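> A predicted structure for the sequence below; I have some questions about it.
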Amino acid sequence: MDYESLTYKELADRLGVKIESARKQVQRKRWHRVTGNDGTVRIQVPVEELIASDKADDAPQEKLVPELLLKALEVQIDGLKEIVEAERKRADTEALRADAESGRANAESKRADAAEKDRDAWREQLQNSQRGFLRRMFG
């Protein structure tokens, strides 16, 4: 098995993770660590792990990002469609309410006109009957 000697920073960069995550992975997989004379720790990482990591990084990134964006946009579009539909329903309800109120106002206006005509007719009839009564009494 072939190994590649990397520092924690180099390993984190190759794996696309934070340095602390790289440290944890080294501990979990029990990769051999060597401390150099300058105090730098180098990890003996199996080349197969790096190749698998590179392949895992390449394939999904190219395909995953557009798919995620597409799904996010679809969710946004669905949300906007729901908002538009709710606004349409609200506008339709308000229009119906306004029409109903307008119809009630027209009906009330017609009733008021009819009541005024009726009142005027009764007033005229009363005045005519009073004149007749007064003429008969004093006439």
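Structure received.

> Residue 6: what secondary structure?
Under DSSP: H, G, I helix; E, B strand; the rest coil, residue 6 falls in the strand class.

> ok, it - how many residues close by?
A count of nearby residues for residue 6, using other Cβ atoms under 10 Å, gives 21. Quick note: C-beta positions are derived from backbone N, CA and C, even for glycine.

> Please apply the same query to residue 7.
If you count neighbours by other Cβ under 10 Å, residue 7 ends up with 15.

> Could you do residue 50 as well?
By other Cβ under 10 Å, the burial measure for residue 50, its neighbour count, is 17.

> Assign it to helix, strand or coil.
helix.

> Let's see the pLDDT reported for it.
Confidence at residue 50, expressed as pLDDT, is 79.

> got a list of what it touches?
4, 14 (Cβ atoms under 8 Å, 6 or more residues apart in numbering).

> please redo it, this time with the cut-off set to 6 Å
residue 14 (Cβ atoms under 6 Å, 6 or more residues apart in numbering).
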